[in-house]
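> fold the following for me, if possible:
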Amino acid sequence: MILVIIVLVFLTPILKFMGATDTILPYAKCYAAIFAISVLFSTANVTAGNLAISQGASNINLRAMISGAVLNMVLDPLLIYTLNMGLKGAAIATLIS
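Numbering: from 1, shown residues only. So this is what the prediction gives:
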């Protein structure tokens with residue numbers, strides 16, 4: 001949680017360090033802010049997947065990864081185009097998936 005707050009506070013310098021130009025920076029900030037919040041959920045997802053693998057149930061992790069990828073492919077056009085959310089829709093679709 002603390003790391004997410006630090007990233008959000010220093011988001012512009014971090015993105016510039018990673019190569020974001022002034023043209024791309026507003027879009028990168030929009031996407032990265034939503035993505036930074038989703039890190040809390042992503043960490044739990046990766047941890048649960050690794051626990052499943054360590055217990056010998058790697059097929060559960062594989063199914064979860066495939067489900068997430070398919071869900072993202074379905075939600076991206078739905079949120080971006082149908083609901084006219086644009087870049088925020090792409091970030092939210094990734095967060096949900």
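
> contacts, neighbours, all on C-alpha from now
Will do.

> quick one: furthest residue from the center of the protein?
Going by C-alpha atoms, centre = their mean, the residue of the chain most distant from its centre is Gly56, 26.9 Å out.

> name the element that one belongs to?
Assignment of secondary structure by DSSP states H and E places Gly56 within no helix or strand.

> got the buried residues for stretch 43-53?
By neighbour count with 16 or more other C-alpha atoms under 10 Å, stretch 43-53 contains the buried residues 49, 52.

> give me the mean pLDDT for it.
Stretch 43-53 comes out with an average pLDDT of 90.

> got a list of contacts for that stretch?
Contact with stretch 43-53 is made by 58, 60-61, as judged by C-alpha atoms under 8 Å, 6 or more residues apart in numbering.

> now, those residues that are in helices?
58, 60-61 (DSSP state H).

> circling back: in PyMOL, select just the buried ones from the contacts of stretch 43-53.
Command for PyMOL that selects the buried part of the contacts of stretch 43-53, burial taken from 16+ other C-alpha under 10 Å:
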select buried, resi 61
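
> now the contacts of stretch 43-53 in TSV, please, with extra columns for pLDDT.
Output for those, formatted as TSV (pLDDT from 0 to 100):
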residue	pLDDT
Ser58	89
Ile60	90
Asn61	88
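
> could you save the contacts of stretch 43-53 as CSV and add columns showing distance to Tyr27?
Below are those laid out as CSV (distance: C-alpha to C-alpha, whole Å):
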residue, distance to Tyr27
Ser58, 36
Ile60, 35
Asn61, 32
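
> what helices or strands is the strand or helix carrying Gly89 leaning on?
Element membership for Gly89, per DSSP H and E: helix 86-96. If you count contacts as 3 or more C-alpha pairs under 8 Å, 6 or more residues apart in numbering; DSSP states H and E, helix 86-96 packs onto helix 25-54, helix 58-77.
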